[in-house]
Structure formats: C-alpha cells, structure tokens
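# sequence first, then the predicted structure:
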Amino acid sequence: MPAIPFIDLAAQQQRLRSQINDAIARVLEEGRYISGPPVTQLEDELTDFCGARHSITCGNGTDALQLALMALGAGKGDAIFVPAFTFAATAEIAPLLGATPYFVDVDPNTFNMGSASLKRSVLDAKARGLRPFCVIPVDLFGLPADYDNIIATARESGMRVVGDSAQAFGAVYNNRRIGSIADVTTTSFFPAKPLGCYGDGGALFTDDDELAATIDSLRIHGKGTDKYQNVRIGLNSRLDTLQAAILIEKLKIYDDEIIARQKVAARYDDMLSDRFETPHVPSGLQSVWAQYTLKLGGTAERKEVQEAARQAGVPTVVYYPLPLHHQPAYRDFPSDPDGLKISESLCENVLSLPMHPYLAEDVQNLIVESLTASR
Ligand SMILES: *Cc1c(COP(=O)(O)O)cnc(C)c1O
C-alpha cells in the first residue's frame, strides 16, 4: 500500500491535469506573465464565489495581511489584537509596521479568538497607553471566527476588523460566505490551503470601495491613475498570471471539494467521537476543514496516539506546538492580563489528521483504526 499522504495534492492534480495543462499553455502563448487577463478573470470569479464587492489578488496570504493593515493605516502606538493560537503570519505584520501585536486567548471548543479575552485585552491595551486599532480574528482550521461578537467589541472602541481567512476561503458564517463579513478579509492560496495554487498566492476581499482602491494601489508600488505615478509607498505584490490561470481551473471544482471535505469530516466524527474529543462546529457555521483536529488529554497521550499512527504509516501533525506569545520573536509583546491558558493547553493537546477531498473511505478506516489501536 502506498504511503498515506497528509494532504493529497496529487489526486487533485490527476483530476484536473488536462485543464491545468491547457490553462498553462494559454498563458505561455499569450506571454502576459504579470497582470495578464486570467488575473482579472479570477478576481471576478472570486467575487462571485464569496459575495464580496471587491476581490484583489496579491503575492501571498502574508502580503494580503500587510496590504490590509497598510490600507487601514496601522502604525506606531496602535494595538492589533490577534489570537495566540495561530500561524505566525497573523501577528507578523503589526511589528513590521511599527504597531504592537496584542495576544488574545481563544475559545476551548472552536479554537478561535474568544470575545471575553478580547474585551479584557482592549481595556488593558488602553491602560498601557496603546490605541486600539484593529482586531484580526483567524478562521482557524477552516472554521469561521465568532464575527458577530468580535465585530461588536471592535466597534465599541472604533476598531476595524481584518479577517485572517488564510485557511477558510469558502467557509460559511450564518448563510454568508467568508469575504464580506469583516471589513477586510484576507486569504492564502499556498498549495496546502483548501484552495491552493502551485506556488505562492493570496487575495483580499472587501465591500469598501475606498479600501479596495487603496489596496489595489498599494500592491503595485502605490500607483496612482497610471503605474508610473506613485501616490503612496507600496509593495510589489501581485498574483502571477500562471497561478491565476491554475486557480481558475481549481475554483471550478472547489464547491464540490468543500462538500467532499465535509463528508470526510462527518465520517471522522462518526468513527471517533466516542473515543476522542472531535471538532466542534457551532450552529450556523460551515468549516472548509483545512485541518481536522482532535483534542487529546495532554502531551503523553498525544505522543502515544501519534506513535501508534506513525507505526501504521499514518501521518499526523501538531498545529501548533507553541503559542505565539512563547515564540522567541513574540515573547515581549503584551497579552490578555488573565493569561493565555487555553492557547497554551491546546498546544499540548491538539493533533491534526490527514484531511483532503480525496481521502478514500478504506484509507480513512485505516487511519481511524491506527488511532484507536492505542486505547
Ligand atoms: C498560511 C497562513 C497565512 C499566510 O499565508 P501565506 O500565503 O503562506 O503567506 C496567514 N495566516 C494563517 C492563519 C495561515 O494559515
């Protein structure tokens, strides 16, 4: 039996091979490698897919966060509230722009930013003389954050909300797709994300015409009405034409893939929920299952389960082994005065299982057996 992949990009490639080859060939024939027609075509299709007014593609999901914070005008003295349990990119842009990342704890069931912790953190940031500037909730592992409560708390202090949806493009929050819920939403097309390209890529979504125009200018060196006029300091952050052409083909099957991911997750739930703490999806929300993550009872048990899986040839991954406020680069930034206990404990308890739309039932059965063999 071939090795079980954690994410099977080869199966998807097989399904789309001829369409993707043709799309690449068309880009090579046309020769417009930067800002070619597929880029605007993809942006229009992303807009249709998620329901936001504007889609602006860019170089990667981290640049998308940078473009969002630059467009909003973040700088020195500004507190930018981020969860402690996330990938480092969420917190990375605040200090790059001279602002202060402020770490907020997460909810023990959804693993997403907790609104009680956010409230405490905003008060504490003010007491420290920081200006509450914006909140960056993360739709971790594909599950939308608690936007209603977070947006309400943000507005009380005049803050904007930037949704880091790098893992959750296509997810649903109360009958709306991620993209028009936060003031600005960012996503990533890194290959392993639910909608990935064959290299780096990213995008921003917003309903705000003015913000969209500023982001469009910022991603091309702060261009004015033409690209040789510079009205602000910007970046060079564009999505390659080739990646846009590939994403157009992948987007055509993305709805279908989301349904397949949800089926895989439901089967894991059925087979594992009597023995493990399986993921919690609040009512009204739909995850796109970037990860399927169990919560175990501590590092010893996790090691045991992980080792049993490894011996059966089943790959598992710990996302994330360290909360951001314990990372050397982020240790000195402020955090919830009551501590970040849930983020810390999740780092000791979580374990992510193989998850992708092409996971066959017999392989999934094998994965489940390997996990339960240890108990
Ligand atoms: C992947 C990821 C990013 C960054 O995306 P890149 O395209 O790799 O730059 C940001 N935030 C979260 C939560 C991510 O998972």
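On my side now, so go ahead. Since we're looking at a predicted model, the values are computed, not measured.

# what residues does the stretch 151-300 of the chain have near the ligand?
With C-beta under 6 Å from any ligand atom as the criterion, the stretch 151-300 of the chain meets the ligand at residues 164, 166-167, 188, 190, 200, 202. In this view, the C-beta of every residue, glycine as well, is placed from N, C-alpha and C.

# can you name the residue of the protein nearest the ligand?
Gly61 (2.5 Å; C-beta to the nearest ligand atom).

# show me the contacts for the residue nearest the centre of the chain.
Here the mean C-alpha position of the chain is nearest to the C-alpha of Ala166 (C-alpha atoms, centre = their mean), at a distance of 2.3 Å. Ala166 sits next to 61, 64, 87, 89, 138, 186-188, 190, 193, 202 when contact means C-beta atoms under 8 Å, 6 or more residues apart in numbering.

# out of the residues you listed, which end up buried?
Buried residues within these, counting neighbours by 16 or more other C-beta atoms under 10 Å: 61, 64, 87, 89, 138, 186-188, 190, 193, 202.

# coming back round to it: now do the same for the residue nearest to the centre of the chain: its pLDDT.
Here, the pLDDT recorded for Ala166 equals 98.

# what distance do you get for it to Thr90?
Applying C-beta to C-beta, to the nearest Å, the value for Ala166 to Thr90 is 8 Å.

# do the same with Leu195
For Leu195, the distance to Thr90 - C-beta to C-beta - is 19 Å.

# same check on Thr57?
20 Å.

# likewise Tyr319?
13 Å.

# when the two are compared, which one has more neighbours?
Thr90 (26 against 19; other C-beta atoms under 10 Å).

# in this structure the more buried one contacts Leu65, no?
Yes - with contact defined as C-beta atoms under 8 Å, Thr90 reaches Leu65; the gap is 7.1 Å.

# what is in contact with those two at once?
With C-beta under 8 Å, 6+ apart, Thr90 and Leu65 have common neighbours 136, 164.

# where does the prediction get shaky in the stretch 251-375 of the chain?
374-375 (pLDDT under 70).

# intersection of neighbour lists for Ala166 and Thr90?
Val138.

# ranges for the helices of the stretch 151-300 of the chain?
209-218, 241-252, 254-272, 299-311 (DSSP state H, counting those that start in this stretch).

# can you lay out the contacts of Ala166 as a markdown table showing pLDDT?
Below are the contacts of Ala166 laid out as a markdown table (pLDDT from 0 to 100):
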| residue | pLDDT |
| --- | --- |
| Gly61 | 98 |
| Ala64 | 98 |
| Phe87 | 98 |
| Ala89 | 98 |
| Val138 | 98 |
| Thr186 | 98 |
| Thr187 | 98 |
| Ser188 | 98 |
| Phe190 | 98 |
| Lys193 | 98 |
| Gly202 | 98 |
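
# quick check, nearest of these to Ala360?
Nearest to Ala360 among the contacts of Ala166, counting by C-beta to C-beta, is Lys193 at 21.9 Å.

# for that closest one, which residues are in contact?
61, 166-167, 169, 187, 290.

# please apply the same query to Val27.
33, 36, 38, 241-242, 245.

# what do you get for Glu277?
294-296.

# out of those, who has the most neighbours?
Most crowded among the contacts of Glu277, counting by other C-beta under 10 Å, is Leu294 at 21 neighbours.

# for that one, name its beta-bridge partners.
Applying DSSP bridges to Leu294 gives these bridge partners: Leu351.

# pretty sure it is touching Leu346, no?
No - under the criterion of C-beta under 8 Å, Leu294 is not in contact with Leu346, lying 11.2 Å apart.

# tell me which other helices or strands the helix or strand containing Thr90 touches.
Under the criterion of DSSP states H and E, Thr90 resides in helix 89-96. Using 3 or more C-beta pairs under 8 Å, 6 or more residues apart in numbering; DSSP states H and E as the contact test, the elements touching helix 89-96 are helix 61-72, strand 78-83, strand 100-104.

# run the last query once more with 6 Å
Under the contact definition 3 or more C-beta pairs under 6 Å, 6 or more residues apart in numbering; DSSP states H and E, helix 89-96 sits against helix 61-72, strand 78-83.

# quick one: end-to-end distance for stretch 352-365.
16 Å (C-alpha to C-alpha, to the nearest Å).

# what are the buried residues along stretch 253-262?
For stretch 253-262, by 16+ other C-beta under 10 Å, it's 254, 257-258, 260-262.

# same check on stretch 17-37?
Buried residues in stretch 17-37, counted by 16+ other C-beta under 10 Å: 20, 23, 27, 35-36.

# ok, stretch 339-350 next?
So for stretch 339-350, counting by 16+ other C-beta under 10 Å, buried means 340, 342-344, 346-350.
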